[in-house]
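Novice: Need a 3D model of the sequence below.
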Amino acid sequence: MSILEAVRIALGMIRAQKLKSFFSLIGAFIGVTFLIGVVTIVNGMDSYMKNDFAGKLFGVNTFTVRYRPFVQMGDVSQEQRREWRRRPRLYVADFLAVRDALDSRFLVTVESTNTVEAVVGARRSRSIEARGVSEDYFRIRRIDIAQGRVFSPQEVQHGANVVVIGSEVAERFFEGLDPVGRSIRVADFPYRIVGVAESVGRVFGISLDRFVIAPYTSQIKRAVNPHLVVDGIIVRAQDIPSMREGQTQVEALMRSRRHLRPNQANNFHFETADDVLSFWSNISRILYTALPAIVGISLVVGGIVIMNIMLMAVAERTREIGIRKALGARRRDIRRQFLVETATLSTVGAGAGIVTGILLANLVDALTPLPATVSLGSIILAVLLGVGVGVISGVYPASRAARLDPIAALRYE
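Specialist: Residues are numbered from 1 along each chain as shown. From the prediction side, this is the model:
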């Protein structure tokens, strides 16, 4: 019997014995669906964390000096939290010192944020993120301007009440109008809009376009950095080596300004995208380690089910085996027939699992911000697992069928 003929017989069995075939397929189906689904989601999370979350919130080749971590990863003890609260805050003078200490390879800005109320005419919104920054902020964060311009160094120097608004703020207050040149009240102070930023998008469903950005020297300081306190000093370098060099220089400067002795730890914090990415790498490593075990358990259970059902098939088809042997079929012909049948069963289950996994990936991509796409490697692996489980599960039933005595098989009732 040819392999194609054995595949045809196996497919005929699936059609004829639907319930039995369903239980034969379910193990491989669940295992492959889980494999495709989890790999897709983890890959999507990995891409999302690297390209969107870390890139948009922290920037590339960028570090931020803060008095305590802005993003707190992992378990943090109460003692550590108390130590963070006791740390001295950062001030505008620290920003000016860092900016003057670094050379032209670096861009330096200050950032302070707070949630404020914005008002235009009769419209108001109480959940607008106000940012007080210097002029290099837009280059560091790579914020492009859709309309108008950014504010100038002279406007920062003189504390002009000018503002760049996010695209969502523009739609909220100036739908169908050109916002540039118009006025908006932010934290009870009037500002002239000089620019509208291009849409940045969302991170974990949270809009990044609901903001207003003004010079830190303007009246925004009353809302975001009172008493000359700032949230962070952001430094962007040309490349990773320059960034490390800049961190070393800034660390030495801050320790000197705070009169820290050599045996004292830093009472400030350097924050980079690596902090978030390293935390995510640990999580993804755990997921990728646990994935084979979970998928393996499902496939082993599926293989056992396939083997038991094929043993039942051997018993039911004993007379057929006896007839085939009496007509000249060899042991290897019988063995190959049952191996091909079990491989076909599990491969059909794997194929159904692949289709379901792809549908699951499309559903995740449509309903969540994760760029969930099925990789070709996971599909190839799923097919190989389907065939492999079928072959391994069919070895014992096929060998048992091949060893049947043709005389006893013909007498079997």
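Novice: right, and the helix or strand after the helix or strand harbouring residue 285?
Specialist: For residue 285, the host element (DSSP states H and E) is helix 273-316. Next in sequence after helix 273-316, counting helices and strands by DSSP H and E, comes helix 318-326.
Novice: Point out the other helices and strands that that next one packs with.
Specialist: Helix 318-326 makes packing contacts with helix 331-367, helix 406-411 when contacts are defined by 3 or more C-beta pairs under 8 Å, 6 or more residues apart in numbering; DSSP states H and E. For every residue, glycine as well, the C-beta is placed using N, CA and C.
Novice: can you pull the buried residues of the first one?
Specialist: What that stands for is helix 331-367. Within helix 331-367, the residues that count as buried by 16 or more other C-beta atoms under 10 Å are 334-354, 356-358, 360-361, 364-365.
Novice: Geometrically speaking, which residue is the centre of this protein?
Specialist: residue 45 (1.6 Å; C-alpha atoms, centre = their mean).
Novice: Using the three-state scheme, assign that one.
Specialist: For residue 45, the assignment made with DSSP: H, G, I helix; E, B strand; the rest coil gives helix.
Novice: distance of it from residue 288?
Specialist: Residue 45 is 11 Å from residue 288, where distance means C-beta to C-beta, to the nearest Å.
Novice: Residue 148 too?
Specialist: Between residue 148 and residue 288 the distance is 46 Å, computed by C-beta to C-beta.
Novice: what about the two, which has more around it?
Specialist: residue 148 (18 against 14; other C-beta atoms under 10 Å).
Novice: Give me the neighbour count for residue 47.
Specialist: Residue 47, neighbours per other C-beta under 10 Å, totals 14.
Novice: same thing with residue 324?
Specialist: Burial of residue 324 is recorded as 19 neighbouring residues (other C-beta under 10 Å).
Novice: for the record, mean pLDDT for the strand ranked longest in the chain?
Specialist: The single longest strand within the chain, with elements called by DSSP state E, is strand 107-120. The predicted model assigns strand 107-120 a mean pLDDT of 94.
Novice: now could you export just the CA positions of that strand as PDB?
Specialist: Presented in PDB, the C-alpha positions along strand 107-120 are these (Å, rounded to 0.1, in the frame of the first residue of the first chain):
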ATOM      1  CA  LEU A 107      21.000  67.000  24.100                       C
ATOM      2  CA  VAL A 108      19.800  67.900  27.600                       C
ATOM      3  CA  THR A 109      16.300  68.900  28.700                       C
ATOM      4  CA  VAL A 110      14.300  69.100  31.800                       C
ATOM      5  CA  GLU A 111      10.800  67.600  32.400                       C
ATOM      6  CA  SER A 112       8.100  68.200  35.000                       C
ATOM      7  CA  THR A 113       4.600  66.900  34.600                       C
ATOM      8  CA  ASN A 114       1.300  67.100  36.300                       C
ATOM      9  CA  THR A 115      -2.400  66.600  35.500                       C
ATOM     10  CA  VAL A 116      -4.200  69.800  35.100                       C
ATOM     11  CA  GLU A 117      -7.400  71.300  33.800                       C
ATOM     12  CA  ALA A 118      -7.500  72.900  30.400                       C
ATOM     13  CA  VAL A 119     -10.300  75.300  29.200                       C
ATOM     14  CA  VAL A 120     -11.200  76.700  25.800                       C
END
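Novice: Show me what it is packed up against.
Specialist: Strand 107-120 packs on helix 92-101, strand 123-133, helix 137-140, helix 167-173, strand 183-186, helix 221-224, strand 229-230, strand 232-236, going by 3+ C-beta pairs under 8 Å, 6+ apart.
Novice: at 7 Å instead, please
Specialist: Strand 107-120 is packed against helix 92-101, strand 123-133, helix 137-140, strand 183-186, helix 221-224, strand 232-236, with contacts defined by 3 or more C-beta pairs under 7 Å, 6 or more residues apart in numbering; DSSP states H and E.
Novice: So which residues make contact with it?
Specialist: Contacts with strand 107-120, where a contact means C-beta atoms under 7 Å, 6 or more residues apart in numbering, come from 92, 95, 98-99, 102, 124-134, 136-137, 139-140, 169, 173, 184-187, 212, 216, 223-225, 230-236.
Novice: Next: stretch 173-180.
Specialist: Contacts for stretch 173-180 (C-beta under 7 Å, 6+ apart): 120, 123, 147, 148, 165, 170, 182, 184, 193, 194, 195, 196.
Novice: just the residues you listed now: which is nearest residue 159?
Specialist: Among the contacts of stretch 173-180, residue 194 lies closest to residue 159 (C-beta to C-beta), at 14.4 Å.
Novice: list the contacts for the closest one?
Specialist: Contact criterion C-beta under 7 Å, 6+ apart gives 148, 149, 151, 162, 163, 164, 180 as the residues in contact with residue 194.
Novice: which SSE is it in?
Specialist: strand 189-197.
Novice: Pull up the pairing partners for that strand, direction included.
Specialist: Paired with strand 189-197 in the same sheet, following DSSP bridges, are strand 145-148 (antiparallel), strand 162-165 (parallel), strand 183-186 (antiparallel).
Novice: if we can go back for a sec, of all the helices and strands packed on strand 107-120, which one comes closest to residue 293?
Specialist: strand 232-236 (41.7 Å).
Novice: who does that closest one touch, helix- and strand-wise?
Specialist: Counting by 3+ C-beta pairs under 7 Å, 6+ apart, strand 232-236 packs on strand 62-66, helix 92-101, strand 107-120.
Novice: closest to residue 387 out of those?
Specialist: Across those, closest to residue 387 is strand 62-66 (C-beta to C-beta), at 48.0 Å.
Novice: Remind me what the closest one packs against, helices and strands.
Specialist: Contact here means 3+ C-beta pairs under 7 Å, 6+ apart; on that basis strand 62-66 packs against strand 232-236, helix 240-257, strand 269-272.
Novice: Which elements pack onto the second one?
Specialist: Helices and strands touching helix 240-257, as assessed by 3+ C-beta pairs under 7 Å, 6+ apart, comprise strand 62-66, helix 92-101.
Novice: neighbouring contacts of the longest one?
Specialist: Counting by C-beta under 7 Å, 6+ apart, helix 92-101 makes contact with 108, 110, 228, 230, 233, 235, 249, 250, 253, 257, all of which sit outside it.
Novice: mean confidence for stretch 230-240?
Specialist: Rounded mean pLDDT across stretch 230-240 is 91.
Novice: What ranges in the stretch 251-400 of the chain fall below the confidence cut-off?
Specialist: Within the stretch 251-400 of the chain, the stretches with pLDDT under 70 are 275-283, 292, 368-373.
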